[in-house]
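Enquirer: test case, fold it:
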Amino acid sequence: MVRHSSNARRALLCFSRPPLALVLTTLLLCACGDSAPSPEDLVPANLSRLDPNVVTLVEQQMARIKSHPGDGVSYAELGMIYEANLLWADAKRAYAVAVELEPTSAWWRFHLAVATRTAGDLEGALRLLQALSAEHPDLAPVQQRLGEALTEAGELAGAAAAYRRVIDLMPGSPEGYHGLGEVRLLERDYTGTRELLERAVALDPGYRAARYTLGLAYRGLGLIEEAQREMARGLDALPRYLADPLTPQIQGYAVNLPAQRNRAAVVLRGGRPDQAALILEQILIEQPGNTTDLNNLAIAYMRMGRFEEAQARLDEARRIAPEKFSTWLNLSSLATRSGDPEAALAYAETAVNRAPNMAQTHVALAMAEAELGYLERTAASLERALRLDARDPQIHGMLAEVSVELGRPDQAEEHFQSVLLILPDSLTAVLNLGRLYLQQGRFDQAGEMLVRAKELAPGNTRVAAFEREVLDRAPGDRE
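Expert: Next comes the predicted model:
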C-alpha cells in the first residue's frame with residue numbers, strides 16, 4: 001500500500017475553517033459523546049471472523065492510529081478500509097472521528113455522508129450532504145449524491161437542481177443527465193426524460209442504467225419496441241457514481257471477496273462488463289469453482305460478445321452444480337443470442353425442471369417457445385408463470401399479446417385489464433386494449449381508451465395513429 005508523505009497527506013485538507021464547518025464539528029462531537037472514542041472502540045466486534053486480509057489491514061492501521069492518535073488521516077484511512085470492504089457502520093464511526101479531528105476535509109465529510117446513508121441513516125446523510133454542498137457547490141460527486149438523497153426524500157425540485165449542477169460541472173459525463181432524467185420520470189415528464197436519457201446514452205452507450213430509464217421513458221411515450229429494446233439492455237442495472245479523489249485509494253483496500261464481488265456487480269450493472277470480467281477472473285483464480293462467479297463472468301462475456309468464453313464458463317458451472325437453475329437460464333439466453341433457438345428451448349426446459357416454482361423459469365421457457373412459433377405452448381408456459389406470480393405486469397402483457405395471436409380476445413382483454421390494474425399509466429396496455437376493442441367493433445370502449453391514451457401522453461405519435469384508426473373504423477357520418 002502506498003503511504004502519503006506528511007506534506008502530501010496534509011494537502012488533502014483545506015486550511016480555512018468556515019463557520020459551517022465549525023457547526024458540523026460541534027454536531028459530530030455531540031454525536032460522538034464528550035470525547036472521541038478510543039481506537040479500540042473502532043475495531044469491529046467480529047474482527048476475528050472477518051476475511052484474514054481485512055484483519056491484517058485493520059490491525060496495521062490500528063497500529064498507526066495508536067502511534068499517531070491525533071492524526072485525522074489515519075482515522076480516515078481506517079474508514080476507507082471499512083468502506084472498501086462493505087463494513088459501513090464501522091466506516092461511519094471511523095470517518096466521524098477523522099472529520100472531528102479535521103472538519104475542513106471535504107472528501108472525508110463526503111465519505112462520512114456516503115457511509116451514513118449506506119448504514120441506514122438517510123436523514124443524517126442528507127443533512128451532511130446539504131451542509132457540504134453549501135460550502136463546496138462545485139464538487140460534482142457531492143451534487144450527484146445530494147440529488148439522489150433529495151429524490152429519496154421526495155424533494156424533486158431540489159434533486160433536479162442538484163443534478164443540473166452536475167451537468168454544469170461535468171457536461172461530458174452521463175451521470176447528471178441520468179439523475180435529472182429519473183427526476184423527470186417521477187414527474188411523468190416522459191418527453192423530458194427521453195431527451196435527457198438519449199443524451200446520456202449518446203455520451204456513453206454502455207451505461208446500462210441510463211438505457212433502462214430511457215426504456216421507461218419510451219414506454220411512457222408508447223414507443224413499445226424501443227422501450228423493450230432499451231429495458232432489455234439495461235435490466236438489473238445500477239446507477240454509476242462519479243469518482244472522487246479518494247476512490248482509487250478506497251478501491252485498493254477492497255481485499256475481501258464480498259467487496260470484490262460487489263465491485264464486479266456494480267460495474268457490470270453500470271455497463272462496464274470488461275471491468276467486471278477482470279475482477280471476476282481474479283476472484284476465480286483465488287476461489288475457483290464458485291458457480292455464482294462463473295455465471296456473472298459468463299454474463300459479462302455475453303455483453304462483450306465473447307460467446308465462446310461465456311459458454312465455457314457456463315459449462316463449467318453446469319458441471320459443478322447441475323441443479324442450479326440460474327445457470328440453465330443463462331445458457332438459454334446465450335443460445336438465443338447465438339442464434340440457436342432449439343438449444344435455448346432445451347436449456348429453458350431444464351431450468352423449469354430445476355426450479356418449477358420460479359416464475360422466471362417459465363417466462364424464459366415461454367420466450368424460447370415464442371421464438372420458435374409454438375404459441376399454444378407459449379401461452380401454457382405463461383399461464384404457469386402467472387400462477388406463481390399473479391402480480392407481474394410483464395407476464396400479463398405477454399400473455400395478452402399471445403392470446404391476440406391465438407384468436408382469444410376474451411383472454412387478451414382480461415390480461416390487458418390486469419396490466420392496467422397493476423400499472424394504470426401503461427400507455428402500451430391502453431393502446432393494445434383499445435385496438436382489441438376496435439377489432440371487435442366495440443367502438444365506444446375503443447373511444448374511452450383513446451381518451452385515456454390522450455390523457456397519458458398528449459401529442460404522442462402512437463396515440464395520434466390510434467386516433468386515426470378509430471376515426472377510420474368508427475361508424476357515423478363522414479364528410
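
Enquirer: could you find the closest non-adjacent residue to R313?
Expert: Leaving aside its chain neighbours, R313 sits nearest to A298 (4.1 Å; criterion: CB to CB, 6 or more residues apart in numbering). Just so you know, the C-beta spots here come from the backbone N, C-alpha and C atoms, and that holds for glycine as well.

Enquirer: what about the one you found, is that helix, strand or coil?
Expert: Three-state call for A298 (DSSP: H, G, I helix; E, B strand; the rest coil): helix.

Enquirer: quick one: contacts for it?
Expert: For A298, the contact set (CB atoms under 8 Å, 6 or more residues apart in numbering) comprises E309, A310, Q311, R313, L314, A317, N330, L334.

Enquirer: do the same with Y347
Expert: Y347 neighbours (CB under 8 Å, 6+ apart): W328, L329, L331, S332, A335, A368.

Enquirer: any buried residues in stretch 125-142, and which?
Expert: Across stretch 125-142, burial judged by 16 or more other CB atoms under 10 Å covers 125-133, 135, 139-142.

Enquirer: closest one to G181 out of those, please.
Expert: Nearest to G181 among the buried residues of stretch 125-142 is A140, at 16.6 Å by CB to CB.

Enquirer: ok, so what distance separates the nearest residue to the closest one once chain neighbours are set aside from L242?
Expert: The shortest distance from A140 to any non-neighbouring residue, by CB to CB, 6+ apart, is to L169 (4.3 Å). As judged by CB to CB, to the nearest Å, L169 and L242 stand 9 Å apart.

Enquirer: got any residues that touch both of these two?
Expert: With CB under 8 Å, 6+ apart, L169 and L242 have common neighbours A140.

Enquirer: show me where the stretch 51-200 of the chain has helices.
Expert: 52-67, 72-84, 88-101, 106-118, 122-135, 140-152, 156-169, 175-186, 190-203 (DSSP state H, counting those that start in this stretch).

Enquirer: can you tell which of the ones you listed is closest to D389?
Expert: That would be helix 175-186 among the helices of the stretch 51-200 of the chain, by CB to CB, at 24.5 Å.

Enquirer: name the residues of that closest one that come out as buried.
Expert: E175, G176, Y177, H178, G179, L180, G181, E182, V183, R184, L185.

Enquirer: let me have these in TSV, extended by distance to A157 and pLDDT.
Expert: Below are the buried residues of helix 175-186 laid out as TSV (distance: CB to CB, whole Å; pLDDT from 0 to 100):
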residue	distance to A157	pLDDT
E175	20	96
G176	16	97
Y177	18	96
H178	18	97
G179	14	97
L180	12	97
G181	15	97
E182	14	96
V183	9	97
R184	12	96
L185	15	95
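
Enquirer: distance check, E148 against L235.
Expert: In terms of CB to CB, E148 sits 21 Å off from L235.

Enquirer: looking at these two, which is more packed in?
Expert: Between E148 and L235, counted using other CB atoms under 10 Å, E148 has the larger neighbour count: 21 against 12.

Enquirer: isn't that one right up against L180?
Expert: No. Under the criterion of CB atoms under 8 Å, E148 makes no contact with L180, lying 11.5 Å away.

Enquirer: not counting its neighbours along the chain, what's nearest R354?
Expert: Nearest non-adjacent residue to R354 (CB to CB, 6+ apart): F325, at 3.9 Å.

Enquirer: downstream of the helix or strand containing Y212, the next helix or strand is which one?
Expert: Per DSSP states H and E: Y212 is located in helix 208-220. Once helix 208-220 ends, the next helix or strand along the chain (criterion: DSSP H and E) is helix 224-233.

Enquirer: and that following helix, what does it pack onto?
Expert: Applying 3 or more CB pairs under 8 Å, 6 or more residues apart in numbering; DSSP states H and E, we find helix 224-233 packed against helix 208-220.

Enquirer: the helix it packs on versus helix 175-186: what angle between them?
Expert: 30 degrees (axes from the mean of the first three to the mean of the last three CA atoms, to 10 degrees).

Enquirer: if we can go back for a sec, make CSV out of the helices of the stretch 51-200 of the chain and add distance to L223.
Expert: As requested, those are exported to CSV (distance: least, CB to CB, whole Å):
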stretch, distance to L223
helix 52-67, 48
helix 72-84, 41
helix 88-101, 40
helix 106-118, 35
helix 122-135, 34
helix 140-152, 25
helix 156-169, 24
helix 175-186, 14
helix 190-203, 9
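
Enquirer: in this protein, where is pLDDT below threshold?
Expert: Low-confidence segments of the chain (pLDDT under 70): 1-37, 476-479.

Enquirer: returning to what we had before: filter the contacts of A298 down to the ones in strands?
Expert: The strands, defined by DSSP state E, take in nothing from the contacts of A298.

Enquirer: for those, which one is nearest A351?
Expert: Lowest distance from A351 to those (CB to CB) belongs to N330, with 9.2 Å.

Enquirer: in this structure the closest one contacts N295, no?
Expert: Yes. At 5.6 Å, N330 and N295 qualify as touching, with contact defined as CB under 8 Å.

Enquirer: overlap in contacts, those two.
Expert: Joint contacts of N330 and N295 (CB under 8 Å, 6+ apart) are L314.

Enquirer: out of the two, which sits in the busier spot?
Expert: N330 (26 against 23).

Enquirer: report the contact partners of L334.
Expert: Applying CB under 8 Å, 6+ apart, the residues near L334 are A298, M302, F307, A310, Q311, L314.

Enquirer: any idea which element the second one lies in?
Expert: M302 is part of helix 291-303 when elements are defined by DSSP H and E.

Enquirer: what angle sits between that helix and helix 208-220?
Expert: Using the same axes, to 10 degrees, helix 291-303 lies at 70 degrees relative to helix 208-220.

Enquirer: check the gap between V419 and A366 for me.
Expert: Applying CB to CB to V419 and A366 gives a distance of 16 Å.

Enquirer: ignore what I typed, I meant E40.
Expert: 58 Å.

Enquirer: where do the helices sit along the stretch 351-479 of the chain?
Expert: 359-371, 375-388, 393-405, 409-422, 427-439, 443-456, 461-473.

Enquirer: run through the neighbouring helices and strands of the third one.
Expert: Of the remaining helices and strands, those touching helix 393-405 by 3+ CB pairs under 8 Å, 6+ apart are helix 359-371, helix 375-388, helix 409-422, helix 427-439.

Enquirer: turn the ones you listed into JSON lines, including mean neighbour count and distance to E198.
Expert: JSON lines is the format used below for the helices and strands packed on helix 393-405 (neighbours: other CB atoms under 10 Å; distance: least, CB to CB, whole Å):
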{"stretch": "helix 359-371", "mean neighbour count": "23", "distance to E198": "27"}
{"stretch": "helix 375-388", "mean neighbour count": "19", "distance to E198": "32"}
{"stretch": "helix 409-422", "mean neighbour count": "18", "distance to E198": "26"}
{"stretch": "helix 427-439", "mean neighbour count": "22", "distance to E198": "18"}
